[in-house]
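> could you work out the structure for the sequence below:
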Amino acid sequence: MTRRFLPLFFTAALCVALTAGAYARPQTAGADKDVVISQLQRRAARLDWDAQTTKGAPRAERELQSLRVKQLIERLQTGEAVDPQEIDKLLKEQPWPR
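Have a look, this model is predicted:
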């Protein structure tokens with residue numbers, strides 16, 4: 001009985017430890033997410049302000065960019081998976097020149 005029990009016990013303990021480690025989140029993930037969201041909120045506010053001070057096609061372009069940024073913020077806040085390249089693209093995308 002003990003010959004079978006000990007290997008099974010240690011195998012089960014190892015599986016539980018590995019599974020718990022796989023589902024554990026790093027503690028910095030929430031802080032990084034908050035930083036990214038605040039950067040995106042600043043970007044959206046800047047685009048909104050730029051849209052109010054321009055006319056025509058540049059205004060529509062800034063409003064569209066602002067909408068994309070706001071949708072990305074909502075996706076991040078609801079916990080959806082977001083591609084980091086998509087975030088970088090929106091943060092680095094330059095608005096239409098005046």
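> so which elements touch the helix or strand hosting A45?
If you go by DSSP states H and E, A45 is part of helix 28-52. Helix 28-52 sits against helix 56-78, helix 84-92, with contacts defined as 3 or more Cβ pairs under 8 Å, 6 or more residues apart in numbering; DSSP states H and E. Placement of C-beta: from N, CA and C, glycine included.
> tell me where the model's unsure across the protein.
1-2, 5-6, 13-18, 20-31, 95-98 (pLDDT under 70).
> coming back round to it: dump the helices and strands packed on helix 28-52 to TSV, plus mean neighbour count and distance to A45.
Rendered in TSV, the data for those read as follows (neighbours: other Cβ atoms under 10 Å; distance: least, Cβ to Cβ, whole Å):
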stretch	mean neighbour count	distance to A45
helix 56-78	15	9
helix 84-92	12	13
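> distance to R43 for those helices - can I get that in a markdown table?
Below are the helices and strands packed on helix 28-52 laid out as a markdown table (distance: least, Cβ to Cβ, whole Å):
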| stretch | distance to R43 |
| --- | --- |
| helix 56-78 | 5 |
| helix 84-92 | 6 |
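> and of those helices, who's closest to Q39?
Among these, helix 84-92 comes nearest to Q39, with 6.3 Å by Cβ to Cβ.
> and the helix holding A45 with helix 56-78, angle?
160 degrees (axes from the mean of the first three to the mean of the last three Cα atoms, to 10 degrees).
> so how far is helix 28-52 from its chain's centroid?
Relative to the chain's own centre, helix 28-52 is displaced by 11 Å; criterion: Cα atoms, centre = their mean, to the nearest Å.
> what's the answer for stretch 58-72, then?
That offset, for stretch 58-72, works out to 18 Å (Cα atoms, centre = their mean).
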